[in-house]
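**Student:** pasting the sequence and the predicted coordinates here, then a few questions.
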Amino acid sequence: MGNLMTNLKKFISNKNTVTILGVILGVVVLYIGYNYRVKQAIELVSIPYATQAIAGKTKITSEMISTVEVNRSFLRNNPNVITDINKLIDQYVNYGMPVPNGAFFYTDQVVAEKQLNDSAFNDIPDGYTIFTLKVDLHTTYGNSIYPGNYIDLYLKAIDDTNRLIYGQFITSIEVLAVKDSAGNHVFEGASTGTPAELLFAVPDEMYKLLMKADLLTSNSIEIIPVPRNASYTSNKGETSVTSEYLKNFILSKSATIPDEFVNNTVTE
């Protein structure tokens, strides 16, 4: 027995033995790790997808959803994909985030009914007001003006001597939304696809000027949207009134209301 223990100690303490055991242990670890990674890569999980195109503001029902198996590795690369079908039923597709037919659902696309909000009115800075410009298919160049585009606004009018006035009025103004006559976003599935209004967020003083011009349409004044190219949007400039002449022309056709409140007190 003593000889056996002595021989075992010699075998274990032998450098070659230690090297061989280390190599074997390393191979075992690599084999286990490799098999684990392979199993994770090929393991299938079931996740929901849309069986039809679902527009923004639409309530999600079970008839709109099915499931498909994907490799678990897909979820590691797409952590925002919703994997539980119960988190979709009776929820709503968010504004401006329609779900295409055959697409997966992502966490920012799906909200509760009380969380629905019109993206056109999100994050409007203090001192800004929404201005709505009436349009149609012709004035939007066949639906070629999209939310997020930066465009120019031109003004057309007839002056007091019956001469035509036409020129650039406001430059580099962002289109927040394009809506139809029912208030739906034109580029969502629930819309008729026919534009009726463009929405902008502008400083309060510019809003007053635009509203005066808009209300003077009966006096042959018209605000005309003019789209620009992608580079114009990418290199957007400051939104500003570019013609003092047109500005003064509008102001000359309207009265200025004196301030009624100064320092929160009524003036006499």
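**Tutor:** Looks like it came in fine. Numbering: from 1, shown residues only.
**Student:** residues making contact with stretch 50-59?
**Tutor:** Residues from elsewhere that reach stretch 50-59 (Cβ atoms under 8 Å, 6 or more residues apart in numbering): 60, 63-66, 90-105, 113, 116, 184-185, 188-191. C-betas here are computed from N, CA, C, even on glycine.
**Student:** tell me the buried residues within these.
**Tutor:** Neighbour-count burial (16 or more other Cβ atoms under 10 Å) applied to these gives 60, 64-65, 91-99, 104-105, 184-185, 188-189, 191.
**Student:** my guess is residue 129 contacts residue 204, does it?
**Tutor:** Yes. Assessed by Cβ atoms under 8 Å, residue 129 is found in contact with residue 204 at 5.6 Å.
**Student:** domains in the protein, as residue ranges please.
**Tutor:** 14-114, 120-252 (automatic domain parsing).
**Student:** contacts only, for the closest residue to residue 237 other than its chain neighbours.
**Tutor:** Among residues not flanking residue 237 along the chain, residue 172 sits closest, at 4.4 Å (Cβ to Cβ, 6 or more residues apart in numbering). Residue 172 is in contact with 150, 152, 232, 236, 237, 238, 239, 240, counting by Cβ under 8 Å, 6+ apart.
**Student:** now with 7 Å, please.
**Tutor:** Going by Cβ atoms under 7 Å, 6 or more residues apart in numbering, residue 172 touches 150, 236, 237, 238, 239.
**Student:** got the buried residues for the helix or strand hosting it?
**Tutor:** Assigned by DSSP states H and E, residue 172 belongs to strand 164-174. Buried residues in strand 164-174, defined by neighbour count with 16+ other Cβ under 10 Å: 169, 170, 171, 172, 173, 174.
**Student:** same question for stretch 242-249.
**Tutor:** The neighbour-count check on stretch 242-249 (16+ other Cβ under 10 Å) flags 243, 246, 247, 249 as buried.
**Student:** and for stretch 193-205?
**Tutor:** If you call a residue buried by 16+ other Cβ under 10 Å, then stretch 193-205 has these buried ones: 195, 196, 197, 198, 199, 200, 201, 202.
**Student:** now the first one: how far from residue 88?
**Tutor:** Shown here: residue 195 relative to residue 88, a distance of 31 Å by Cβ to Cβ, to the nearest Å.
**Student:** all helices in the stretch 51-200 of the chain, in order from the N-terminus.
**Tutor:** Counting by DSSP state H, counting those that start in this stretch, the stretch 51-200 of the chain has these helices, from start to end: 72-77.
**Student:** and the one helix or strand residue 246 maps to, how far out from the chain middle?
**Tutor:** Assigned by DSSP H and E, residue 246 belongs to helix 244-252. With Cα atoms, centre = their mean, to the nearest Å as the basis, helix 244-252 stands 36 Å off its chain's centre.
**Student:** oh, and call the first residue 620 from now on, that's how I've got it
**Tutor:** Will do, 620 is the new start, and the previous item becomes helix 863-871.
**Student:** mind giving me the packing neighbours of that helix?
**Tutor:** strand 783-793, helix 823-834 (3 or more Cβ pairs under 7 Å, 6 or more residues apart in numbering; DSSP states H and E).
**Student:** what kind of secondary structure is the residue nearest to residue 747 when sequence neighbours are not counted in?
**Tutor:** Leaving aside its chain neighbours, residue 747 sits nearest to residue 820 (4.7 Å; criterion: Cβ to Cβ, 6+ apart). Following DSSP: H, G, I helix; E, B strand; the rest coil, we place residue 820 in the strand state.
**Student:** enumerate every residue touching residue 820.
**Tutor:** By Cβ under 7 Å, 6+ apart, residue 820 lies in contact with 743, 747, 749, 795.
**Student:** got it, and residue 830?
**Tutor:** By Cβ under 7 Å, 6+ apart, residue 830 lies in contact with residue 750.
**Student:** do you have the strands of this structure handy? List them.
**Tutor:** 663-669, 684-690, 711-712, 729-730, 747-753, 769-777, 783-793, 796-798, 816-822, 841-845, 859-860, 880-881, 884-885 (DSSP state E).
**Student:** cool, thanks, talk later.
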